[in-house]
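1. sequence below, structure please.
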Amino acid sequence: AFLPYLFGGVLAGAAADRLPARRVLVICDLASAALIAAMTMPGIPVAGLLVLLFANGLIAPVYQGVRSALLPDVLPPGPGYVLGRALMRMVAQSAQIAGYGVGGALLAILSPRGALAVDAVSYAASAVLLRAGLAARAARTARASETESMARDSLAGARRALAHRQVRRILLFGALVAACAIAPEALAAPYATHIGQPARVAGFLLMGIPVGTVVADVIVARLLPVRLQRRIIVPAGLLVFCPLIGFAASPRLGPAIALLVASGLGSAWAAGLDGLLIDVTPLALRGRALALQGASLMFTQGAGFALWGIAAQYAPLTAVIPAAGVAGGVAVVTLRPRRPVPPPDPQPGPVPAPQHRTQPMPSRSQNRPRP
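-> Below you'll find the predicted structure:
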């Protein structure tokens, strides 16, 4: 489910610019509904289920990239956009918290095929909601650019975005922090066994970080000004990883959950980074950068699951989780984003005499490049 993000996000990132956003979102939802519905066919082998899951994973980064690129068009820049991004994270994290319980409840009253059928219906309902609730918007790029293939255009856009120094640093910061922060979630089930609890207790451990993330987004995105949001990126990033070092002492269930909630509070770094990425990215590259951000976050989280799981095969959990904390802290300090330098104020000079012109001159604010 994670691996397709690398291919879908890189090879179809141009969809955010080349295609109308509402149409793409609706088609993606309908395609996902069809793929999930296909999983309910009787007699389908496990290999077939994995192929369908992989195909659905290829759709997800396109959907998320288009949605991320659409958000700056819907919301005003600055605090409005940052709050909107935070709200989307809160919805996703809250769904993760509730999802385990809802999935278990569905399986208690329905067969697995029935639960998958409900999932397919939810995708179809999302498509209807988006079609009715979103305004139609034209594609960002001109028709001439559509003569190039989607994959080639996406790769070229990814190269241009990664060639931008500040954009590249922000994307790398977010990806590596996510890869290291995922360690306690990746190892939740074996850690529950390590402290003498049944494997099902891992669900409580998996709730810790999302709870902290929701609280952090409510406080930071809603109450802190933009200046403070960006100033706390590094301290909050370090807060993600300091609690992980505490797992060296093999804390019991209650203290372990408290450490994970504290780690989730450190996700306050994301609000400042969201606004910073919009500010430093040229408008022509915004859609590509946002698509890369979503794809890289999901892919590195999946890679983190594999990396820390492999490490735990050869080292004790009480060493692996703290090691992830140390590695993440090093990434935060090393890759801390640079704040954009504001353009210099214009030098005072003599005011030219007024002249008659047949066309009005554009104002200074229209000529000044956007940061």
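2. can you give me the end-to-end distance of stretch 66-86?
-> 17 Å (C-alpha to C-alpha, to the nearest Å).
3. cool, stretch 105-115 as well?
-> So stretch 105-115: terminal residues 10 Å apart, C-alpha to C-alpha.
4. ditto for stretch 99-117
-> 16 Å.
5. now do it, average pLDDT.
-> Mean per-residue pLDDT for stretch 99-117: 82.
6. buried residues of it, list them for me.
-> 106, 115, 116, 117 (16 or more other C-beta atoms under 10 Å). Where you see a C-beta, it was placed from the backbone N, CA and C, and this is true even at glycine.
7. equivalent analysis for stretch 170-190, please.
-> Neighbour-count burial for stretch 170-190 flags 170-189 (criterion: 16+ other C-beta under 10 Å).
8. restricted to helices, list those.
-> In this view, the buried residues of stretch 170-190 that belong to helices under DSSP state H are 170-181, 183-186, 188-189.
9. what is the helix or strand where residue 80 lies packed up against?
-> Residue 80 belongs to helix 79-109 when assigned by DSSP states H and E. Using 3 or more C-beta pairs under 8 Å, 6 or more residues apart in numbering; DSSP states H and E as the contact test, the elements touching helix 79-109 are helix 46-74, helix 112-133, helix 202-223, helix 226-231, helix 269-280.
10. now do 6 Å
-> helix 202-223, helix 269-280 (3 or more C-beta pairs under 6 Å, 6 or more residues apart in numbering; DSSP states H and E).
11. out of these, flag the one nearest residue 322.
-> When the helices and strands packed on helix 79-109 are compared by C-beta to C-beta, helix 202-223 sits nearest residue 322, at 15.9 Å.
12. avg pLDDT for the closest one?
-> When pLDDT is averaged along helix 202-223, the result is 87.
13. now that helix: how far from the chain's centre is it?
-> 15 Å (C-alpha atoms, centre = their mean, to the nearest Å).
14. just the buried residues of that helix, please?
-> Residues of helix 202-223 classed as buried by neighbour count (16+ other C-beta under 10 Å): 202, 204-217, 220-221.
15. and stretch 245-256, by the same measure?
-> Neighbour counts over stretch 245-256 (16+ other C-beta under 10 Å) mark 245, 246, 247, 251, 256 as buried.
16. that one spans what distance, first to last residue?
-> So stretch 245-256: terminal residues 11 Å apart, C-alpha to C-alpha.
17. hmm, who's touching that stretch?
-> With C-beta atoms under 6 Å, 6 or more residues apart in numbering as the test, stretch 245-256 has contacts from 195, 197, 259, 318, 321, 322, 325.
18. if we go to 8 Å?
-> 184, 191-192, 194-195, 197, 201, 204-205, 208, 259, 317-319, 321-322, 325-326 (C-beta atoms under 8 Å, 6 or more residues apart in numbering).
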